[in-house]
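# Test case, fold it:
(chains A, B, C and D)
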Number of protein chains: 2
Amino acid sequence: MQLDKLVRFHKTIGDVTRIRILALLKNGPLHGQALADKLSVTPPTITHHMSKLREADLIFERRDKNTIYFYLNEKSLILQAEAIVKKVQSPEPELWNGEEVERMQDKEKSSVLRNFFLADGTLKHLPAQRKKKLIVLEHIVKGLKPGTKYTEREINEFIRQYHPDFATIRREFIMNHYMYRDQDIYEMNPPELWGTM
Amino acid sequence: MQLDKLVRFHKTIGDVTRIRILALLKNGPLHGQALADKLSVTPPTITHHMSKLREADLIFERRDKNTIYFYLNEKSLILQAEAIVKKVQSPEPELWNGEEVERMQDKEKSSVLRNFFLADGTLKHLPAQRKKKLIVLEHIVKGLKPGTKYTEREINEFIRQYHPDFATIRREFIMNHYMYRDQDIYEMNPPELWGTM
DNA sequence: CATCTAATTAGATATTCATCAAATAAGTAA
DNA sequence: TTACTTATTTGATGAATATCTAATTAGATG
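All right, here's what the predicted structure looks like:
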C-alpha cells in the first residue's frame, strides 16, 4: 500500500465522531439525518465526515428518493487496518514510494568516489547528502584493519591521509557506527552496523 | 478497548513521519539523532514524535550512556491495529464508554409510557429526548395492523386518537422508519427497522 | 410551477498539531 | 570542575481541521 493512503486511512479513523459513525454503520445502513440525530451534530458536520470516509474508501452509498443511505465498506476497512501490521511484520525493509534508496549499486558508488576524491586519493570534502556521505566514509574506513584497536592519535593520523579535518570525519565514523570508541581506544565495527543506526 | 485509546492510536499512526519512524524501528532499535538524520528533521521533532508514540504505547526504550535507543513495541501495535477490525466485525452492538443505551428495559419503557400518556390513552406530548420519543412512537404504531396498507387520511384519523397534531407524529413515523410511504399509501415497517436508521 | 425535504456548500471560528530555533537539562568524560 | 554530547523544553509559526450557521442545490411531490 502507498504511504499516503496508509496515513490518510489512520488520519480518517483517528477522530471520535468518525469512529462512532463506523460503529453505527456496522449494524446496518443509515442516512445522514439519522446519524446527525444519534451523534448530536448538525447535518453539515455529517456531510464533512462522510466525505472524509468516502475518500478513505470506508463507505459506499445508495440513494432512495431524497435520502442517501450510507453503508460500511467492511472489507476495505479490514484490509487497510491490517496494512500497518503487514508493514511492520515483513522481514525485509520495504521502501515507501519515493523514499530514497539507502543502498546504492557499485557503479553508482564508484561515481560518487570519483566525484569526491582527487586523483592523489585525498578527499575534496564530505558530501552533504547522507547517502553519498556514507559511501565516502565506508571507503575511508576500509583502509583500517578489522579487529585492530587504535588510539585516537592513530586514528587522527590515519584520517589526515585523506583530509585535514580529521575531527569531523572521526565524529562521523562514530555517529554512523563505522567505529566504536571505548575510552581512548577506537575499533572498527562489523560492516552490518555501518550507517544502519 | 476504550474509545479514546482507539482514537489516540489512529491519530498517532496518522502522521507520515511517525509511520516512517515505525518502519525504521522494525529493522532494529535506533537512537534519536539517527532518526533525525534519516528523516531529515531536527532532534526536537523526534522528541515530539517519540512522546506521541510513547503515549500510544508503541515503543519502549533503553538508555546507554547518553544515548537512548528506541524499540518498536510490535505486539502492542498489532493488538491496537486489530481493535478496530474486531469492533466492526463483532455481531452485537458494542457500546462505547458513556454512550447512551439505545434499547431500554421493559420496566423503563412502562415508566416512560405512564409519564407521557394520560389515563384515557391520549398522548400529552412527544418527548424531546430521542430515546423516550421512540418508545412513544413504538407504542402508538403498534395500534396498526402489520402488512396493511393505509391512506394518509386513515393514518391521520388513527393518530388523532392519540393527539391532535397528527402531521408531526406522522412525519416522525416516517423519519424514524416505523412506517414507509409510497405515493399516498402508508404501511408499517418490520420492527427491526424501527428507530434504527 | 411551487413546495417540501435531505444533503451540500460557503464562510467563519476555534482548536489541534507538526515543525523549527534557541535555551536548558541530564548524563558522561576529562 | 569544566567541557562535551544527547535529549528535552519552551515559545513561535503556519497549516490542517472539526464544528457551526446561513445559504444553496437537487430531487421528489403535488
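# Please identify the residue most distant from the middle of chain A.
Going by Cα atoms, centre = their mean, the residue of chain A most distant from its centre is A:Lys65, 47.1 Å out.
# Distance-wise, check that one relative to chain B.
Counting by Cβ to the nearest Cβ, to the nearest Å, the gap from A:Lys65 to chain B is 10 Å. In this view, the C-beta of every residue, glycine as well, is placed from N, C-alpha and C.
# try A:Leu39
Relative to chain B, and taking Cβ to the nearest Cβ, A:Leu39 is found at 10 Å.
# same deal with A:Glu187?
Counting by Cβ to the nearest Cβ - A:Glu187 and chain B are separated by 17 Å.
# who's in contact with that residue?
Shown in contact with A:Glu187 (Cβ atoms under 8 Å, 6 or more residues apart in numbering or on different chains): A:147-150, A:179-180.
# And A:Leu123, by the same measure?
By Cβ under 8 Å, 6+ apart, the contact set of A:Leu123 is A:116-117, A:136, A:140, A:162-163.
# Would you show me how to pick out the buried ones of the residues you listed in PyMOL?
Applying 16 or more other Cβ atoms under 10 Å in any protein chain shown to these, the buried members can be selected in PyMOL as follows:
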select buried, chain A and resi 116+117+136+140+162+163
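# Domain-wise, how is chain A divided?
A:3-89, A:106-193 (automatic domain parsing).
# Tell me which helix or strand comes right after the lowest-mean-pLDDT helix or strand in chain A.
When each helix and strand of chain A is scored by mean pLDDT, DSSP states H and E, helix A:106-116 comes last, with a mean of 70. Downstream of helix A:106-116, the next assigned helix or strand under DSSP states H and E is helix A:130-141.
# Tell me which other helices or strands that following helix touches.
helix A:106-116, helix A:166-175 (3 or more Cβ pairs under 8 Å, 6 or more residues apart in numbering or on different chains; DSSP states H and E).
# Can you classify A:Leu77 as helix, strand or coil?
State at A:Leu77, reduced to three classes by DSSP: H, G, I helix; E, B strand; the rest coil: helix.
# Which positions in chain A make contact with DNA strand D?
A:11, A:15-17, A:40-42, A:44-45, A:48-49, A:52, A:65-66, A:171, A:174-175 (Cβ under 7 Å from any atom of the strand).
# Show me the shaky parts of chain A.
Filtered on pLDDT under 70, chain A yields the residue ranges A:90-110, A:130, A:182-183, A:190-193, A:195-197.
# need the helices for it, in chain order.
Using DSSP state H, the helices found in chain A span residues A:3-13, A:16-25, A:32-39, A:43-55, A:74-89, A:106-116, A:130-141, A:152-160, A:166-175.
# Let me know the angle separating the longest one from helix B:16-25.
Meaning helix A:74-89. The directions of helix A:74-89 and helix B:16-25 differ by 50 degrees, with axes from the mean of the first three to the mean of the last three Cα atoms, to 10 degrees as the criterion.
# quick one: helix A:74-89 to helix A:3-13, angle?
Using the same axes, to 10 degrees: helix A:74-89 against helix A:3-13 is 120 degrees.
# Which neighbouring elements make contact with helix A:74-89?
Short answer (3+ Cβ pairs under 8 Å, 6+ apart): helix A:74-89 packs on helix A:3-13, helix B:16-25, helix B:74-89.
# how many neighbours does A:Leu113 have?
Using other Cβ atoms under 10 Å in any protein chain shown, A:Leu113 has 15 other residues around it.
# likewise A:Pro164?
Neighbours of A:Pro164 under the rule other Cβ under 10 Å: 11.
# what phi and what psi does the backbone show at it?
Note on A:Pro164: backbone dihedrals following degrees, to the nearest 10 are phi -70, psi -30.
# so A:Ile78 makes contact with B:Val85?
Yes: with contact defined as Cβ atoms under 8 Å, A:Ile78 reaches B:Val85; the gap is 5.1 Å.
# Indicate which one of the helices of chain A is closest to B:Lys131.
Nearest of the helices of chain A to B:Lys131, taken as Cβ to Cβ: helix A:32-39 at 10.5 Å.
# and the closest one, what other elements does it pack with?
Counting contacts by 3+ Cβ pairs under 8 Å, 6+ apart, helix A:32-39 packs against helix A:16-25, helix A:43-55, strand A:67-72.
# close to DNA strand C, is the first one?
No: judged by Cβ under 7 Å from any atom of the strand, helix A:16-25 and DNA strand C are separated, with a smallest distance of 10.9 Å.
# and that helix, which residues are buried?
Within helix A:16-25, the residues that count as buried by 16+ other Cβ under 10 Å are A:17-25.
# Return the residues in contact with A:Leu24.
A:Leu24 is in contact with A:30, A:35, A:38-39, counting by Cβ under 8 Å, 6+ apart.
# Around DNA strand C, pick out the residues from chain A.
Near DNA strand C, when you scan chain A using Cβ under 7 Å from any atom of the strand, you find A:31-33, A:43-44, A:46-48, A:50-51, A:66-68, A:183-184.
# which among the residues you listed end up buried?
A:31-32, A:46, A:50, A:68.
# quick one, what contacts A:Gly143?
For A:Gly143, the contact set (Cβ under 8 Å, 6+ apart) comprises A:158, A:161.
# What distance do you get for A:Tyr186 to DNA strand D?
Applying Cβ to the nearest atom of the strand, to the nearest Å, the value for A:Tyr186 to DNA strand D is 14 Å.
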